[in-house]
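Undergrad: Task: produce atomic coordinates for the following.
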Amino acid sequence: MSRDEARAIRDTELEKDRARYGLLAVVVSNLAIAGVAIFGVWRLGGDKAVIVGVLTAAFTAVSSLTTAYLGIKAVSNTAKSIALGDTSGRQRTEPAPPAQRTP
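TA: As a prediction, the model looks like this:
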């Protein structure tokens with residue numbers, strides 16, 4: 001195995017670990033937010049206006065956190081594939097020559 005192959009394997013494993021632990025951090029954070037929201041609703045004892053505010057804030061936090069993670073991950077993957085020169089997903093088309101006018 002050459003150095004380039006060993007490095008590619010190491011980079012792939014590192015990327016897998018980053019994705020795995022990043023997703024784990026997002027899931028744990030979302031569960032913590034949901035837990036705090038449930039505890040807050042339980043302790044408020046029925047005040048509807050405050051319960052709606054707590055649930056709205058919790059939903060906003062969970063959706064923002066998840067969307068940010070997925071967006072950053074997508075951009076990172078795209079940038080990495082461009083940097084490595086992986087253009088298999090894109091097709092290059094040559095511009096058509098300009099139309100010739102006949103007098």
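Undergrad: In the chain, where is pLDDT below threshold?
TA: For the chain, applying pLDDT under 70 flags the ranges 1, 86-94, 103.
Undergrad: what residue lies at the spatial centre of it?
TA: What sits nearest the mean C-alpha location of the chain, by Cα atoms, centre = their mean, is L70, with 1.3 Å.
Undergrad: What residues sit buried inside the strand or helix carrying it?
TA: Following DSSP states H and E, one finds L70 within helix 48-83. Within helix 48-83, the residues that count as buried by 16 or more other Cβ atoms under 10 Å are I51, V54, A58, A61, V62, Y69. C-beta coordinates here come from the backbone N, C-alpha and C atoms, glycine included.
Undergrad: Between these, which sits nearest D17?
TA: The nearest member of the buried residues of helix 48-83 to D17, counting by Cβ to Cβ, is Y69 at 15.5 Å.
Undergrad: wait, isn't the closest one in contact with Y21?
TA: No. With contact defined as Cβ atoms under 8 Å, Y69 does not count as touching Y21 (11.5 Å).
Undergrad: which residues are common contacts for the two?
TA: Counting by Cβ atoms under 8 Å, 6 or more residues apart in numbering, Y69 and Y21 have no common neighbour.
Undergrad: for the helix holding L70, packing partners?
TA: On a contact count with 3 or more Cβ pairs under 8 Å, 6 or more residues apart in numbering; DSSP states H and E, helix 48-83 meets helix 3-44.
Undergrad: counting contacts, what elements does the helix it packs on pack onto?
TA: helix 48-83.
Undergrad: quick one on the thing from earlier: please work out the angle formed by the directions of the helix holding L70 and helix 3-44.
TA: 170 degrees (axes from the mean of the first three to the mean of the last three Cα atoms, to 10 degrees).
Undergrad: Need the residues that contact stretch 46-66.
TA: V26, S29, N30, I33, A34, V36, A37, G40, V41, L44.
Undergrad: can we see that at 6 Å?
TA: Stretch 46-66 has contacts (Cβ atoms under 6 Å, 6 or more residues apart in numbering) with S29, N30, I33, A37, G40, V41, L44.
Undergrad: I'd like these as JSON lines, with neighbour count and distance to R3 appended.
TA: As requested, the contacts of stretch 46-66 are exported to JSON lines (neighbours: other Cβ atoms under 10 Å; distance: Cβ to Cβ, whole Å):
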{"residue": "S29", "neighbour count": "15", "distance to R3": "38"}
{"residue": "N30", "neighbour count": "17", "distance to R3": "40"}
{"residue": "I33", "neighbour count": "17", "distance to R3": "44"}
{"residue": "A37", "neighbour count": "19", "distance to R3": "51"}
{"residue": "G40", "neighbour count": "16", "distance to R3": "54"}
{"residue": "V41", "neighbour count": "17", "distance to R3": "57"}
{"residue": "L44", "neighbour count": "14", "distance to R3": "61"}
